[in-house]
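S.K.: Provide a 3D model corresponding to the input given below.
(one chain, ligands or ions: 1)
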Amino acid sequence: SKVYLNGEWLKPEAAKISVFDRGFLFGDGIYEVIPFYCGKLFLLKEHLERLRYSLKEVELKCDISDFEALILKAIDLAELNKDDGAIYIQVSRGMAPRTHYFPESYDATVLMYAYKTNLRGFQDQFKDVVVSNDLRWHRCDIKSVSLMANILANTEAKKGGFAENIMIRDGFFTEGSHSSLFFVKNDTVYTHPNGKFILPGITRNLLIKLCKDNDIEIVEKGLPVSALDEVTEVFITGTTTQITAIKNLHFPDKIVHFGDEIGKVTKRLQQLFSEEVK
Ligand code: PDD
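M.R.: Sure, this is the predicted structure:
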């Protein structure tokens, strides 16, 4: 398998980045993860649009007009044309003497590769998650590679045997360390509105559309932790998560249980989603 680095297709062990790369020194870079099902890219345009948005918001200059062709080539070279997997893309602000302000001119470092991953079987999973404080910055809408808060919280979750951590900021649920978050209350689906406190998840956006197209009430409003008593279903979504139902929500002092079977709204949305990707 080959990785793409700055115009070349290389064996992973031959792909090298400078110690002065700003992605390495500062986490000065952005990324995308794009899924493909049976070799077919899913919501590619939406992912590339978000990539463009992230680049723009951090003023990272990089021409991505050839990315679609490179993505297709990555799948080809990895011989994954019939498999499920994902594309990882990272763009950093290149190599420069270390200063906090960014250099006037630089060549962005572009890394890209395709990898195989399991995107099936999500409908059979019913998982436990743990709550954590949302310690992230106030620009969670940018898909930045600076992920310290996410990785610290998710490592705690992993140590406790949990599938994901879901975060609380100022008394409201925001999202997971690498997934979007939904609640069902009185047959209405709730999810935190887009803005500076969550990533505009591509799977999340599809879910909202599926709700609207299928007469499922959807409200883009943050759920306060105090309203959890009325919640009957919880699920998380994402490129690598699809739609995963949550069975128990673990707090430091209590466990909130959401039934012994996956709820009906979650099941319906999983069914609608699986029709999109088949
Ligand atoms: N994570 N929220 C956060 C903080 C994320 O990092 C992700 C994706 C999502 C879901 O977004 P999408 O539906 O566009 O994948 C929500 C990727 C997969 C990752 O970091 O690996």
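S.K.: which parts of stretch 124-134 are buried?
M.R.: Within stretch 124-134, the residues scored as buried using 16 or more other Cβ atoms under 10 Å are Gln125, Phe126, Lys127, Asp128, Val129, Val130, Val131, Ser132, Asp134. Where C-beta positions appear, they are placed from N, C-alpha and C, glycine not excepted.
S.K.: quick one: contacts for the fifth one?
M.R.: If I follow you right, that is Val129. Residues near Val129 by Cβ atoms under 8 Å, 6 or more residues apart in numbering: 157, 162-166, 176, 234, 236, 246, 248-250.
S.K.: after the helix or strand where it lies comes which helix or strand?
M.R.: Element membership of Val129, judged by DSSP states H and E, is strand 126-133. Using DSSP H and E, the helix or strand that directly follows strand 126-133 along the chain is helix 148-159.
S.K.: what distance separates the helix or strand hosting Asn165 from the centre of its chain?
M.R.: Following DSSP H and E, the helix or strand that holds Asn165 is strand 164-169. Centroid separation for strand 164-169 versus its chain: 14 Å, with Cα atoms, centre = their mean, to the nearest Å.
S.K.: Parallel or antiparallel, list what pairs with that strand.
M.R.: With DSSP bridges as the test, strand 164-169 is paired with strand 126-133 (parallel), strand 172-176 (antiparallel).
S.K.: how far is the shortest one from where the chain is centred?
M.R.: Same thing as strand 172-176. Put simply, strand 172-176 sits 13 Å off its chain's centre (Cα atoms, centre = their mean).
S.K.: Bridged to Thr109, which residues?
M.R.: Applying DSSP bridges, one finds that Thr109 bridges with Ser92.
S.K.: before we move on, the earlier item: export the buried residues of stretch 124-134 to a markdown table and tack on pLDDT?
M.R.: As requested, those are exported to a markdown table (pLDDT from 0 to 100):
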| residue | pLDDT |
| --- | --- |
| Gln125 | 97 |
| Phe126 | 98 |
| Lys127 | 98 |
| Asp128 | 98 |
| Val129 | 98 |
| Val130 | 98 |
| Val131 | 98 |
| Ser132 | 98 |
| Asp134 | 98 |
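S.K.: Generate CSV for those, with distance to the ligand as supplementary columns.
M.R.: Formatted as CSV, those follow (distance: Cβ to the nearest ligand atom, whole Å):
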residue, distance to the ligand
Gln125, 16
Phe126, 20
Lys127, 16
Asp128, 19
Val129, 14
Val130, 16
Val131, 15
Ser132, 13
Asp134, 10
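S.K.: Alongside the ligand, which residues does the stretch 1-150 of the chain contribute?
M.R.: Val33 (Cβ under 6 Å from any ligand atom).
S.K.: Per-residue pLDDT of Ser1, please?
M.R.: On pLDDT, Ser1 comes in at 84.
S.K.: so what's it up against?
M.R.: Pro12, Leu77, Ala78, Tyr113, Ala114, Tyr115.
S.K.: Name the member of these with the most neighbours.
M.R.: Ala114 (28 neighbours; other Cβ atoms under 10 Å).
S.K.: ok but that one is inside a strand, no?
M.R.: Yes - counting by DSSP: H, G, I helix; E, B strand; the rest coil, Ala114 is part of a strand.
S.K.: number of nearby residues for the nearest residue to Ser18 once chain neighbours are set aside?
M.R.: Excluding the flanking residues, the one nearest Ser18 by Cβ to Cβ, 6 or more residues apart in numbering is Met95, at 4.4 Å. Number of residues near Met95 (other Cβ under 10 Å) recorded here: 18.
S.K.: Next one: Met95 from the ligand, what distance?
M.R.: 24 Å (Cβ to the nearest ligand atom, to the nearest Å).
S.K.: what stretches of this protein score poorly on pLDDT?
M.R.: Applying pLDDT under 70 to the chain flags no residue at all.
S.K.: And the helices in this protein?
M.R.: 22-26, 44-57, 67-77, 148-159, 202-213, 264-277 (DSSP state H).
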